[in-house]
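Engineer: Okay, here's the prediction I keep looking at, along with the sequence it came from:
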Amino acid sequence: GIKTGFNDAFIINTEKRDEILANCQTEEERIRTAELIRPILRGRDIKRYEYEWANLWIIATFPSRHYDIESYPAVKNYLLSIGIERLEQTGETHIVNGKKIKARKKTCNEWFETQDSISYWEDFSKPKIVWKIIGNQMAFAYDTNNYVMNNACYIMTGNHL
């Protein structure tokens, strides 16, 4: 699954998703932005033989996709409202309004991108078996709804699921 490095910024509820989409200036931007914000399942959402979607979304700015954040001004403005000091991937500590703010771990990725490259991003759009990796019982489900998984889950795709 996906490791964002700061879930509080990248995983949003439906209300925040709708707000970001409402802040798009054109229909073209809205469509582009809606494609970027994908539904996500977390480990706790996966039950035995099924899942319960918690109405959460991920801003799927995967580094391997090489997004230009300027093409997504509503997303850029939302992320900047979180604070670039918190989102940058430098591992540095900043003082903001008298508080210590720790940036995400040092990577070569841009401030608006998820922490890991996610070069397998296309697999999330395929039918897949998903399972959580933490818990006292194994829980598997079959997904055909193109959910993205967080890093508390594994996925398996293939021709004979």
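Structural biologist: Thanks, I have it.

Engineer: Please make it C-alpha for all contacts and neighbour counts, starting now.
Structural biologist: Noted.

Engineer: For the chain, list the residue farthest from the centre, please.
Structural biologist: residue 98 (29.3 Å; Cα atoms, centre = their mean).

Engineer: and that one, how far is that from residue 142?
Structural biologist: Residue 98 is 47 Å from residue 142, where distance means Cα to Cα, to the nearest Å.

Engineer: what does residue 90 give?
Structural biologist: Residue 90 is 37 Å from residue 142, by Cα to Cα.

Engineer: Look up phi and psi at the residue farthest from the centre of the chain.
Structural biologist: phi 80, psi 0 (degrees, to the nearest 10).

Engineer: same question, residue 143
Structural biologist: phi -120, psi 120.

Engineer: wait, it sits on residue 128?
Structural biologist: Yes - between residue 143 and residue 128 there is a contact at 5.3 Å, judged by Cα atoms under 8 Å.

Engineer: the more surrounded of those two?
Structural biologist: Under the criterion of other Cα atoms under 10 Å, the comparison of residue 143 against residue 128 puts residue 128 first, with 22 against 18.

Engineer: where's residue 30, which helix or strand?
Structural biologist: Remark: residue 30 resides in helix 27-36, with elements defined by DSSP states H and E.

Engineer: same question but for residue 25, I mixed them up
Structural biologist: Judged by DSSP H and E, residue 25 forms part of no helix or strand.

Engineer: what's near enough to touch the residue nearest to residue 90 when sequence neighbours are not counted?
Structural biologist: Of all residues not flanking residue 90 in the chain, residue 106 sits nearest, at 4.1 Å (Cα to Cα, 6 or more residues apart in numbering). Residue 106 makes contact with 89-91, according to Cα atoms under 8 Å, 6 or more residues apart in numbering.

Engineer: Now flag whichever of the residues you listed is closest to residue 150.
Structural biologist: Residue 150 has its nearest neighbour among the contacts of residue 106 in residue 89, at 18.8 Å by Cα to Cα.

Engineer: Look up the residues forming beta bridges with the residue positioned nearest the centre of the chain.
Structural biologist: Nearest to the mean C-alpha position of the chain, by Cα atoms, centre = their mean, lies residue 58 at 3.3 Å. Counting by DSSP bridges, residue 58 is bridged to residue 11, residue 38.
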